[in-house]
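[1] sequence first, then the predicted structure:
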Amino acid sequence: MDFALTEEQESFRRAAGAFAEKEIAPIAAERDESNVYPVELLKQMADVGYLGLKFSSDYGGGDGGNLDATLLFEELATASAGITLGVYCHVVLALTAIARIGSEEQKQRYLAPGIRGEQIGAFGSTEAGAGSDITAIATRATRDGDDYVLNGAKLFCTNSPIADFIVLSAVTAPEKSGGGISLFIVDRSTPGLSISRVIKTLGMHPAQTAEVVLENVRVSKANRLGEENRGVPNMLTAFAEGRIIAAAFAIGIARAAFDAARKYALEREQFGQPIGKNQVIAHRLADMDTEIQAARWLTHYAAWLADNNRPFIKESSQAKVFATESAAKIAAQAMHIQGAYGYMIESPAQRYYRDTHVLEIGEGTSEILRNVIAKQLGL
């Protein structure tokens with residue numbers, strides 16, 4: 001079994017890391033403090049091919065796979081999780097849904113410009129009464145001739161304040177128990193669509209998260225994404241693949257937290273020696289690195305399965321649960337190792353700690369994913 005990256009993949013990983021170190025890391029702290037997303041950065045990423053990495057060259061993409069995407073998102077998240085979240089919602093959620101089930105017209109209108117960084121996408125499924133249960137949404141799409149009229153609201157819709165379009169779910173057949181849901185692409189400028197409030201969050205500050213309100217929003221049938229009433233299976237398929245990238249995302253934060261803690265342990269002296277020479281600190285760092293390596297191999301294996309058209313539902317769920325929970329634990333340990341300095345706002349340690357926790361919630365909570373894993377085990 002060969003676990004090594006190809007020369008091309010290793011070269012790509014190094015280039016992505018260099019880009020993140022040069023373009024993202026220097027602004028990470030300031031954007032965390034200002035809560036402003038660097039929209040111009042998406043165009044820079046488009047220019048070097050990062051936004052289109054996973055998509056077909058027919059639309060300007062790079063024909064890459066899930067493993068390539070894990071390499072990219074680990075490097076980006078190591079520099080700034082909050083900035084990377086905006087990229088994730090645009091690429092992994094909005095553009096991936098269009099690439100998978102969109103019509104040719106939709107791909108030309110949204111996917112290709114999205115790959116070029118000319119349009120930004122968002123994805124809206126969560127509502128006040130619908131989170132893990134994606135079938136419990138209250139947003140309605142009522143057919144009116146060749147149009148649909150949408151009414152409802154979406155919570156925690158990241159990118160929506162900066163987006164040009166939003167992919168969102170709505171009930172199209174209320175008489176069908178949990179199954180009559182469809183997806184739509186709604187232009188941000190459509191009359192009746194508004195941002196009611198920007199939501200402040202514990203972490204991921206640069207990412208713009210908001211509540212989206214839909215009041216008699218009229219969209220053409222041409223903007224329905226995929227078949228009518230097939231929104232749930234389409235979302236579940238997209239989410240399963242997205243969990244692989246979410247795991248890589250978590251590994252990037254964990255790596256950043258570990259690197260900072262290790263550096264501190266090598267430099268900080270107490271009682272006449274670096275604190276890293278104390279066995280309790282050394283063992284803690286050894287365990288942190290071990291968990292990062294284990295999470296990375298779980299994630300790469302799930303990506304390999306997906307890229308080779310093999311079943312990957314269980315493996316992507318396992319990778320996401322393990323990587324995100326490990327990242328939260330590693331970030332907490334890293335902050336503790338750095339003592340009072342790690343607790344200061346000027347220290348990146350507290351940012352890593354704040355940023356990790358949402359990854360245990362989004363793309364399927366750890367509890368829901370354990371149910372998925374158990375079901376795959378026949379339980």
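    Right, received. Where do you want to start?
[2] how much space between the spatially most central residue of the chain and Asn234?
    With distances taken as C-alpha atoms, centre = their mean, the residue of the chain nearest its centroid is Tyr88 (4.0 Å). Using C-beta to C-beta, to the nearest Å, Tyr88 is found at 19 Å from Asn234. Where C-beta positions appear, they are placed from N, C-alpha and C, glycine not excepted.
[3] repeat that for Gln119.
    Distance check for Gln119 against Asn234: by C-beta to C-beta, it reads 21 Å.
[4] thought Ala302 was touching Ala319?
    Yes - applying C-beta atoms under 8 Å, one finds Ala302 in contact with Ala319, separated by 4.5 Å.
[5] so what sits against both of the two?
    Contact criterion C-beta atoms under 8 Å, 6 or more residues apart in numbering; residues shared by Ala302 and Ala319: 243-244, 247.
[6] okay, these in TSV with secondary structure and pLDDT next?
    Conversion of the shared contacts of Ala302 and Ala319 to TSV gives the following (DSSP: H, G, I helix; E, B strand; the rest coil; pLDDT from 0 to 100):
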residue	secondary structure	pLDDT
Arg243	helix	96
Ile244	helix	97
Ala247	helix	98
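[7] now render these as CSV, adding distance to Glu127 and neighbour count.
    Shown next, in CSV, are these (distance: C-beta to C-beta, whole Å; neighbours: other C-beta atoms under 10 Å):
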residue, distance to Glu127, neighbour count
Arg243, 21, 29
Ile244, 25, 33
Ala247, 26, 33
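[8] of all the residues you listed, which comes closest to Gly152?
    Of all the shared contacts of Ala302 and Ala319, Gly152 sits closest to Arg243, with 25.9 Å by C-beta to C-beta.
[9] got the contact list for that closest one?
    Residues near Arg243 by C-beta under 8 Å, 6+ apart: 302, 316-317, 319-320, 363-364, 369.
[10] next one: it from Ala15, what distance?
    Here the criterion is C-beta to C-beta. By it, Arg243 lies 25 Å from Ala15.
[11] now Glu267
    From Glu267 across to Ala15, the span is 29 Å (C-beta to C-beta).
[12] more crowded one of the two?
    Taking neighbours as other C-beta atoms under 10 Å, Glu267 and Ala15 compare with Ala15 leading, 16 against 10.
[13] how about the helices in the stretch 101-250 of the chain?
    Along the stretch 101-250 of the chain, the stretches classed as helices by DSSP state H, counting those that start in this stretch are 104-106, 112-115, 231-267.
[14] can you report phi and psi for the residue in the chain sticking out farthest from the centre?
    Largest separation from the mean C-alpha position in the chain: Gly272, at 43.8 Å (C-alpha atoms, centre = their mean). Backbone torsions for Gly272, taken as degrees, to the nearest 10, come to phi 80, psi 10.
[15] quick one, what contacts it?
    Under the criterion of C-beta under 8 Å, 6+ apart, Gly272 has no neighbours.
[16] quick check, pLDDT for it.
    Here, the pLDDT recorded for Gly272 equals 94.
[17] how about the helices of the stretch 101-250 of the chain in JSON lines, adding distance to Ala28?
    JSON lines is the format used below for the helices of the stretch 101-250 of the chain (distance: least, C-beta to C-beta, whole Å):
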{"stretch": "helix 104-106", "distance to Ala28": "34"}
{"stretch": "helix 112-115", "distance to Ala28": "24"}
{"stretch": "helix 231-267", "distance to Ala28": "9"}
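[18] closest one to Thr78 among those?
    helix 231-267 (4.2 Å).
[19] check which element follows the closest one along the chain.
    Using DSSP states H and E, the helix or strand that follows helix 231-267 in sequence is strand 269-270.
[20] so what are the sheet partners of the helix or strand that that next one is followed by and their directions?
    Next in sequence after strand 269-270, counting helices and strands by DSSP H and E, comes strand 273-274. Looking at strand 273-274 with DSSP bridges, its partner strands are strand 269-270 (antiparallel).
[21] ok, residues contacting the strand it pairs with?
    Ile275.
[22] how far off centre is that strand?
    39 Å (C-alpha atoms, centre = their mean, to the nearest Å).
[23] wouldn't Arg296 be in contact with Ala254 here?
    No - with contact defined as C-beta under 8 Å, Arg296 does not count as touching Ala254 (9.4 Å).
[24] more neighbours, those two?
    Higher neighbour count among Arg296 and Ala254: Ala254, with 31 against 19, using other C-beta under 10 Å.
[25] my guess is the more buried one meets Ala327, correct?
    Yes - the pair Ala254 / Ala327 is scored as a contact, 4.0 Å apart, by C-beta under 8 Å.
[26] which residues are common contacts for the two?
    Residues touching both Ala254 and Ala327 (C-beta under 8 Å, 6+ apart): 295, 356.
[27] just the shared contacts of Ala302 and Ala319 now: which is nearest Pro38?
    Ala247 (24.6 Å).
[28] please report the distance of that closest one from Ala295.
    7 Å.
[29] which residues do those two both contact?
    Residues touching both Ala247 and Ala295 (C-beta under 8 Å, 6+ apart) are 319, 322-323.
[30] between the residues you listed, which sits nearest Pro206?
    For the shared contacts of Ala247 and Ala295, the residue nearest Pro206 by C-beta to C-beta is Ala323; the value is 21.4 Å.
[31] so where do the strands sit in the stretch 151-300 of the chain?
    165-171, 181-187, 193-198, 209-220, 224-225, 269-270, 273-274 (DSSP state E, counting those that start in this stretch).
[32] and these: which comes nearest Ala374?
    Closest to Ala374 of the strands of the stretch 151-300 of the chain, according to C-beta to C-beta: strand 181-187, at 24.7 Å.
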